[in-house]
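Novice: starting from these lines, generate the structure:
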Amino acid sequence: MGKIKLISKSIALVGIFVFSQVVFSQITNDTITSGEIDTLTLKEPKRLQFGCGFGLNFVGGTTLGLSPNLTYNVSDKVAFGLGVQWNYLSIKNIQNTTTYGANTFFQYRPSQKIMTLLEFAQLRVSTKTEIDDSKNSYWDSALFVGAGFNVTDKISVGAKFNMLYNEDESVYSSPVIPFVNISF
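Specialist: I've put the predicted structure just below:
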């Protein structure tokens with residue numbers, strides 16, 4: 001019961017912060033349209049962006065991950081999105097784990113270089129243990145709160161914290177997960 005209260009309070013605080021910023025902002029890129037000003041052409045920013053997160057690790061085994069997503073920019077500060085995920089983890093002669101699923105997310109950018117993230121993911125986990133030749137499949141949910149740094153307009157790096165993390169049941173080895181996202 002305490003975990004649900006913590007999650008509810010966190011979502012409420014993030015929501016209040018985000019919506020207070022949106023309500024009190026006076027000018028956004030939405031008010032700028034294509035046109036000529038002193039022979040310069042201003043371009044309207046893209047509303048819909050395709051992005052792709054990825055992961056690759058060879059320490060202690062092999063980990064591969066791919067997570068394409070589609071983001072809709074409501075304004076220069078607020079964005080919503082949907083994505084799919086696929087991950088593969090292999091520890092030689094011990095275990096193979098494959099996960100796939102979907103996620104939905106909300107991003108708020110208080111400045112051009114900083115972005116905050118609220119994300120929900122639902123993953124199907126299939127694990128095969130080679131030691132005792134057992135198989136296990138289950139669903140895992142994750143609610144992430146995170147922040148990142150926009151290296152460029154198209155590349156973001158950061159970390160997110162899984163609010164639903166349970167050491168005994170989660171597919172993730174840690175509640176904190178780094179991320180890299182590239183937009184096109």
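
Novice: burial count for the closest residue to P175 other than its chain neighbours?
Specialist: Excluding the flanking residues, the one nearest P175 by C-beta to C-beta, 6 or more residues apart in numbering is Y165, at 3.7 Å. No exception for glycine: its C-beta is placed from N, CA and C like everyone else's. A total of 18 residues lie near Y165 under the criterion other C-beta atoms under 10 Å.

Novice: now do I91
Specialist: 14.

Novice: mind listing what it touches?
Specialist: Counting by C-beta atoms under 8 Å, 6 or more residues apart in numbering, I91 touches G60, G61.

Novice: so how far is N162 from it?
Specialist: Using C-beta to C-beta, to the nearest Å, I91 is found at 21 Å from N162.

Novice: what does Q85 give?
Specialist: For Q85, the distance to N162 - C-beta to C-beta - is 14 Å.

Novice: equivalent analysis for D76, please.
Specialist: 28 Å.

Novice: look at those two and report which has more neighbours.
Specialist: For D76 and N162, the more surrounded residue by other C-beta under 10 Å is N162, and the numbers stand at 21 against 15.

Novice: what residues are up against the most centrally placed residue in the chain?
Specialist: Residue closest to the mean C-alpha point of the chain, counted by C-alpha atoms, centre = their mean, is E119 at 5.6 Å. Neighbour list for E119: N103, T104, F105, F106, A142, L143, F144, G146, K160 [criterion: C-beta under 8 Å, 6+ apart].

Novice: which among those gets closest to Q49?
Specialist: Proximity of these to Q49, judged by C-beta to C-beta, is greatest for F105, which lies at 12.7 Å.

Novice: got the buried residues for the strand or helix carrying that closest one?
Specialist: Using DSSP states H and E, F105 falls within strand 95-108. For strand 95-108, the neighbour count (16 or more other C-beta atoms under 10 Å) marks N96, T97, T98, T99, G101, N103, F105, F106, Q107, Y108 as buried.
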